[in-house]
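# With the input below, show me the fold.
(chains A and B)
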Amino acid sequence: MNVAFKDEMTPKERMTAFASGKEIDRIPCMPLIGDHACRLIGVPVSRYSQSAKLMAEAHIKSFNTYHTDSVGVGPSLFGIAEAMGTRLTYPYDGIPYVSEPALSDWKDFTKLAPVNPYRDGRLPLFLETLQRINDSIGEQVGIGSSVGGPFTAAASLRGTECFLKDLRKNPEMVHRLLELVTESALSYIDAVCDLGLKPSLADPIASGSLISAKQFREFAKPYLKIYADRIKERCGSGPTLHICGNSSRIWPDMVDVGATILSLDNIVDLEDAKKEVGDRVCLSGNVKPIDTIMKGNRQEIYAESKECLRKAHNNPKGFILSSGCGIAIDTPPENIIAFMDAARIYGKYPIEPEKWAD
Amino acid sequence: MADNQEVFNRLAAGVREMDEELTVKASYEVLDKEIDALTAINQGLVMGMNEAGQLYEQEEYFVPELLLCSDAMYAGLDVLSPHVQRTSEEKKHKVVIGVVEGDNHDIGKNLVKLMLEVANFDIYDLGRDVPPAKFVSKVKEVAADIVCLSTLMSTTMDRMADVIELLKKEGLREQVLVMIGGESISQAFADRIGADVYSENAIGAVKAAKRLLSEKRKVV
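Model (predicted):
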């Protein structure tokens, strides 16, 4: 697969300049590649997920194919809960899911302990993978590690449905669980920072499609802030924060948490976000990963990317072109190349809005 | 009668306010006073769940609240259902529902099921991780009016198309309406795979089901 449109800067040069407000060659582009990477080396998800060597190989191949402006692997949604005892099922070639929450009975709460990131669950695998990726392409691109937020981790320990009910039935225990999860996550965050890399945060179950803004403020925000504070303390700047679904009610809260980049779902409007919080935070998003990037063609991918650029290229705190949520595993690689090309053609500096006319 | 209405109000309030205890207590009161159980279900429990649904639509309630309302409603149903006099069964529309193969997320499916039950549909719940053939054989077996397919994940959304293909192959597509829902899908996806309708949430699903059935009746 050839990259038809060449970049002038390496992703690392670009993102370093971007972060300090210096001139760059084009709008940064960060599709959320995730486990799609395993397709590029032709191994099933289940084998890939259990091998640092394969995960590293897949993400290095992904970078060399797409030249994305970030690369990352991490415990994402379930990794922290898994390391604390929740059992996941790994379908041969599908996304792992929670099959046995560790805390289906609150009585077992005292059995839970904070994780050791060098020993528990797949956390050591992720750290080894990050090390391998960094050794190979760390000169060219920033490596990150996506850590599932406190709300998502706690829900995965308790079972999501029970956890959501507990918000009202048992808020005290919910807070105790969130504290424990936070302690665990901080030690993983520290381990990633010790490698010289920067974690990012995603808290999909704290979605506005599931809980109210009030519940977000009570149960997710205080703990997310602890995560973000630690990342800021260790890395010098706050993390990217992704929340799925309709996050519009909590944008200011997401900024208050200390995020420097808000990664937005495709169901919200970038222009609205720009108006509301664009003077405080960089925005990232939000081309539809399924309808457009997976199922669309090059023209459709260009059209929606242009739409995002039109809405957010002049965001006061900057804009990164990205997918609105994780890239689906079976997305055709040529479509991701088309998405990157959209940033290369239509996001080239100096910006020429006339190129966006249909 | 006024006395009955007062009990119904408490049943509804118990469900709406997520108060299982109140709901169960009022349900026993229905039995003590020998009020018709079916009337109490419809004018009490179902009313309360519909009010909860409205609060959800108005974004006063979110998923945690709906789950607790549903717990209260089922607690009341546990008490009242055994006492329902089965008279001349009015014909209910039949719905087969399940989460498609490869996906285990069922909160959304359960909420749709609940709201359809409240709206007086007959539900056949196949659970989660359901292979296409199982949907189709159930549709055939019960002569379903609607089949509801749910998935949260993008990796499994194409299984919905598999179900539709299989329905066509078995010559069942014309007789059953296909309704799909889930976080990663959209009306555009529904159009592409030839589903009859996509619904964004559980309340919308009930509206869509009723609308589709009345349209179908007009056509026939």
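
# is it true that A:T331 touches A:G296?
No - judged on Cβ atoms under 8 Å, A:T331 makes no contact with A:G296 at a distance of 10.1 Å. Every C-beta, even on glycine, is put in place using the N, C-alpha and C of the backbone.

# The two: who's more crowded?
A:T331 (22 against 19; other Cβ atoms under 10 Å in any protein chain shown).

# any idea of the pLDDT on that one?
Note on A:T331: pLDDT of 95.

# dump the residue contacts of it.
Going by Cβ atoms under 8 Å, 6 or more residues apart in numbering or on different chains, A:T331 touches A:36, A:289, A:293-294.

# mind listing what the spatially closest residue to it that is not a sequence neighbour touches?
Using Cβ to Cβ, 6 or more residues apart in numbering or on different chains and skipping residues adjacent in sequence, the residue nearest A:T331 is A:M294, 4.4 Å away. Shown in contact with A:M294 (Cβ under 8 Å, 6+ apart): A:327-328, A:330-332, A:335, B:154.

# Narrow those to those in helices?
The helices, defined by DSSP state H, take in A:N335 from the contacts of A:M294.

# Tell me the residues of the stretch 1-150 of chain A that contact chain B?
For the stretch 1-150 of chain A, the residues in contact with chain B (Cβ under 8 Å from any Cβ of the partner chain) are A:89, A:91, A:94-95, A:97-99.

# which residue ranges form the helices in the stretch 251-358 of chain A?
Secondary structure of the stretch 251-358 of chain A (DSSP state H, counting those that start in this stretch): helices at A:251-257, A:270-277, A:298-312, A:333-346.

# what helix or strand is whichever residue of the stretch 151-300 of chain A sits closest to chain B on?
Closest residue of the stretch 151-300 of chain A to chain B, Cβ to the nearest Cβ: A:L164 (4.1 Å). Using DSSP states H and E, the element containing A:L164 is helix A:160-169.

# Which positions in chain B make contact with chain A?
Residues of chain B lying close to chain A (Cβ under 8 Å from any Cβ) are B:18, B:59, B:62-65, B:67-68, B:71, B:102-105, B:107, B:110, B:153-157, B:183-186, B:188-189, B:192.

# Filter these down to just the buried residues.
Those of those that meet the buried threshold are B:18, B:62-65, B:67-68, B:71, B:102-105, B:107, B:110, B:153-157, B:183-186, B:189, by 16 or more other Cβ atoms under 10 Å in any protein chain shown.

# For B:I180, I want the exact helix or strand it lies within.
Element membership of B:I180 [criterion: DSSP H and E] is strand B:177-181.

# Now do that strand: everything it contacts.
Here strand B:177-181 makes contact (Cβ under 8 Å, 6+ apart) with B:108, B:112, B:145-150, B:160, B:163-164, B:167, B:189-190, B:193-201, B:205, B:208-209, B:212-213, B:216.

# What's the first helix or strand after that strand?
Using DSSP H and E, the next helix or strand after strand B:177-181 towards the C-terminus is helix B:187-193.

# so how far is the biggest helix by length in chain A off the chain centroid?
Using DSSP H, we find that the single longest helix of chain A is helix A:171-194. When distances are taken as Cα atoms, centre = their mean, to the nearest Å, helix A:171-194 is centred 18 Å away from the chain's centroid.

# Which secondary structure elements does the helix or strand that it is followed by sit against?
On the C-terminal side of helix A:171-194, the closest following helix or strand by DSSP H and E is strand A:198-202. Strand A:198-202 sits against strand A:143-148, helix A:171-194, helix A:221-235, strand A:240-243, with contacts defined as 3 or more Cβ pairs under 8 Å, 6 or more residues apart in numbering or on different chains; DSSP states H and E.

# go with 10 Å
Applying 3 or more Cβ pairs under 10 Å, 6 or more residues apart in numbering or on different chains; DSSP states H and E, one finds that strand A:198-202 contacts strand A:71-72, strand A:143-148, helix A:150-158, helix A:171-194, helix A:221-235, strand A:240-243, strand A:261-264.

# Serialize those to a markdown table and add fields for mean pLDDT and mean neighbour count.
Output for the helices and strands packed on strand A:198-202, formatted as a markdown table (pLDDT from 0 to 100; neighbours: other Cβ atoms under 10 Å in any protein chain shown):
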| stretch | mean pLDDT | mean neighbour count |
| --- | --- | --- |
| strand A:71-72 | 96 | 26 |
| strand A:143-148 | 97 | 25 |
| helix A:150-158 | 97 | 29 |
| helix A:171-194 | 98 | 19 |
| helix A:221-235 | 98 | 19 |
| strand A:240-243 | 96 | 28 |
| strand A:261-264 | 97 | 26 |
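
# Now render these as CSV, adding distance to A:A206.
As requested, these are exported to CSV (distance: least, Cβ to Cβ, whole Å):
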stretch, distance to A:A206
strand A:71-72, 20
strand A:143-148, 10
helix A:150-158, 4
helix A:171-194, 11
helix A:221-235, 8
strand A:240-243, 6
strand A:261-264, 13
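
# now what about the helix or strand bottoming out on mean pLDDT in chain A, what contacts it?
Within chain A, no helix or strand scores below strand A:97-100, which has a mean of 92 by mean pLDDT, DSSP states H and E. Residues lying outside strand A:97-100 but in contact with it, judged by Cβ atoms under 10 Å, 6 or more residues apart in numbering or on different chains, are A:77-78, A:81-82, A:85-91, A:155-157, A:159-160, B:102-105, B:128-129, B:152-153.

# what are the ranges of the helices in chain B?
Here chain B has its helices, by DSSP H, at B:2-16, B:20-32, B:37-40, B:46-57, B:63-80, B:107-118, B:132-142, B:158-169, B:187-193, B:202-219.

# and the gap between B:A119 and B:R173?
Relative to B:R173, B:A119 is positioned 24 Å away (Cβ to Cβ, to the nearest Å).

# cool, and B:K91?
From B:K91 over to B:R173 the distance is 22 Å, taken as Cβ to Cβ.

# same check, this time on A:S51
From A:S51 across to B:R173, the span is 43 Å (Cβ to Cβ).

# where in the chain is pLDDT low?
Going with chain A. A:1-4, A:358 (pLDDT under 70).

# please go with chain B instead
Scanning chain B for pLDDT under 70 picks out B:1-2, B:86-90, B:218-220.

# Can you give me the domain boundaries for it?
Chain B resolves into domains spanning B:2-83, B:94-219 when parsed by automatic domain parsing.

# right, and A:V115 touches A:D190 too?
No - contact criterion Cβ atoms under 10 Å: A:V115 and A:D190 do not qualify, at 11.3 Å.

# Quick one: name the residues of the stretch 251-358 of chain A near chain B.
A:265-267, A:288-292, A:294-295, A:325-331 (Cβ under 10 Å from any Cβ of the partner chain).

# quick revisit: which one of the helices and strands packed on strand A:198-202 lies closest to B:I35?
helix A:171-194 (36.1 Å; Cβ to Cβ).

# Mind checking if that closest one is in reach of chain B?
No - using Cβ under 10 Å from any Cβ, helix A:171-194 stays clear of chain B, coming no nearer than 10.6 Å.

# That helix packs against which elements?
With contacts taken as 3+ Cβ pairs under 10 Å, 6+ apart, helix A:171-194 sits against helix A:79-83, helix A:123-137, strand A:143-148, helix A:150-158, helix A:160-169, strand A:198-202, helix A:221-235.

# do that again at 7 Å, thanks
helix A:79-83, helix A:123-137, strand A:143-148, helix A:150-158, helix A:160-169, helix A:221-235 (3 or more Cβ pairs under 7 Å, 6 or more residues apart in numbering or on different chains; DSSP states H and E).

# The fourth one versus strand A:198-202: what angle between them?
This points to helix A:150-158. When axes from the mean of the first three to the mean of the last three Cα atoms, to 10 degrees is applied, the directions of helix A:150-158 and strand A:198-202 differ by 70 degrees.

# Kindly report the same for the fifth one.
In this structure, helix A:160-169 runs at an angle of 80 degrees to strand A:198-202, with the same axes, to 10 degrees as the basis.

# ok and helix A:160-169 relative to helix B:20-32, angle-wise?
Between helix A:160-169 and helix B:20-32, the angle comes out at 90 degrees (the same axes, to 10 degrees).

# Return the distance of helix A:160-169 from the chain's centre.
Centroid separation for helix A:160-169 versus its chain: 25 Å, with Cα atoms, centre = their mean.
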